[in-house]
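# kindly generate the corresponding structure for this input.
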Amino acid sequence: MHNKAIVCLVLIIGMTLIAGAWDRAEAAEEQGAALFAGHCAQCHEPAVDRAPPLATLKTMRPDFLQASLSAGKMAAQGLELSVQGLVTMVDWLTQDQPPIENWAEKASCLATSGSVGIDLEAGPRLGDWGYGKKNHRQQTAEKGGISSTNVASLTLKWVMAFPQVSQMRSQPALVGDTLFLAVADSSRVYALDADS
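Next comes the predicted model:
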């Protein structure tokens, strides 16, 4: 009899703790939705001008959203939110995102020295922004190895995607046989060698 009472007491305490956690989670979700409605929805739902719609915001990385609202392009709007309010709203926006595996680490080269060798003499040489003073963003067939006679035979070799990145805002830089790509939304710079 004594053991049954202890088991019942443990179950009641456990259920009370679970119910309390559930209530707090629901309250945080409601608060996040209310903060978005009060501070962001007027521009993002429906999207006005160049503002990304709510569906797009929900795909963005939490750290990117927090940085945008605290020190980035939305910092002026973020000033209206407390630190906890900002975190609560970003948590609400990103709550349905699946976990992202560390794909970049899995795709990385195994560097023994911790540095990447760059052959400055290899590949096309692009000396300035836009591949020339006129910013035409074209290479000669001689430099690029692609001409009107062989372009039809090109096939897709590989594709690279960036999870939780909604826009690409940077032009890649080619240094020797290495392509550098800055991805602002993920706060990373990727280096791809010609053999990749």
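# what does the model give Asp119 for pLDDT?
On pLDDT, Asp119 comes in at 67.
# after the helix or strand bottoming out on mean pLDDT in the chain, next one along is what?
Least confident helix or strand of the chain, by mean pLDDT, DSSP states H and E, is helix 2-39 with a mean of 65. Using DSSP states H and E, the helix or strand that follows helix 2-39 in sequence is helix 41-44.
# what's the spacing between that following helix and its chain's center?
Offset of helix 41-44 from its chain centre (CA atoms, centre = their mean, to the nearest Å): 21 Å.
# now for it, which elements pack on it?
Packing contacts for helix 41-44, counted by 3 or more CB pairs under 8 Å, 6 or more residues apart in numbering; DSSP states H and E, involve helix 54-57. All C-beta spots, glycine's among them, are computed from the backbone N, C-alpha and C.
# which parts of the helix it packs on are buried?
Taking 16 or more other CB atoms under 10 Å as the neighbour-count basis, helix 54-57 is seen to contain the buried residues Leu57.
# same question for the helix or strand just after it, mean pLDDT?
Counting by DSSP H and E, the next helix or strand C-terminal to helix 54-57 is helix 62-70. The predicted model assigns helix 62-70 a mean pLDDT of 87.
# next helix or strand past helix 62-70?
Reading on from helix 62-70 to the C-terminus, the next helix or strand found by DSSP H and E is helix 75-78.
# can I get the CA coordinates of the helix or strand that comes right after that following helix in CSV?
Following helix 75-78 in sequence order, the next helix or strand is helix 83-94 (DSSP H and E). Taking C-alpha atoms only, helix 83-94 is exported to CSV below (Å, rounded to 0.1, in the frame of the first residue of the first chain):
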residue,chain,number,x,y,z
VAL,A,83,16.5,40.7,-25.7
GLN,A,84,14.1,38.1,-24.4
GLY,A,85,11.3,39.2,-26.8
LEU,A,86,13.7,38.9,-29.7
VAL,A,87,14.7,35.4,-28.7
THR,A,88,11.1,34.4,-28.1
MET,A,89,10.0,35.7,-31.5
VAL,A,90,12.9,34.0,-33.3
ASP,A,91,12.2,30.8,-31.5
TRP,A,92,8.6,31.0,-32.7
LEU,A,93,9.6,31.8,-36.3
THR,A,94,12.0,28.8,-36.5
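# I would like the residues contacting helix 83-94, please.
Residues outside helix 83-94 that contact it (CB atoms under 8 Å, 6 or more residues apart in numbering) are 28-29, 31-33, 35-36, 39-40, 57-58, 60-62, 65-66, 69-70, 78, 81.
# among those, name the buried ones.
Burial by neighbour count, judged by 16+ other CB under 10 Å, picks out 28, 31-32, 35-36, 39-40, 57-58, 60-61, 65-66, 69, 78, 81 from the contacts of helix 83-94.
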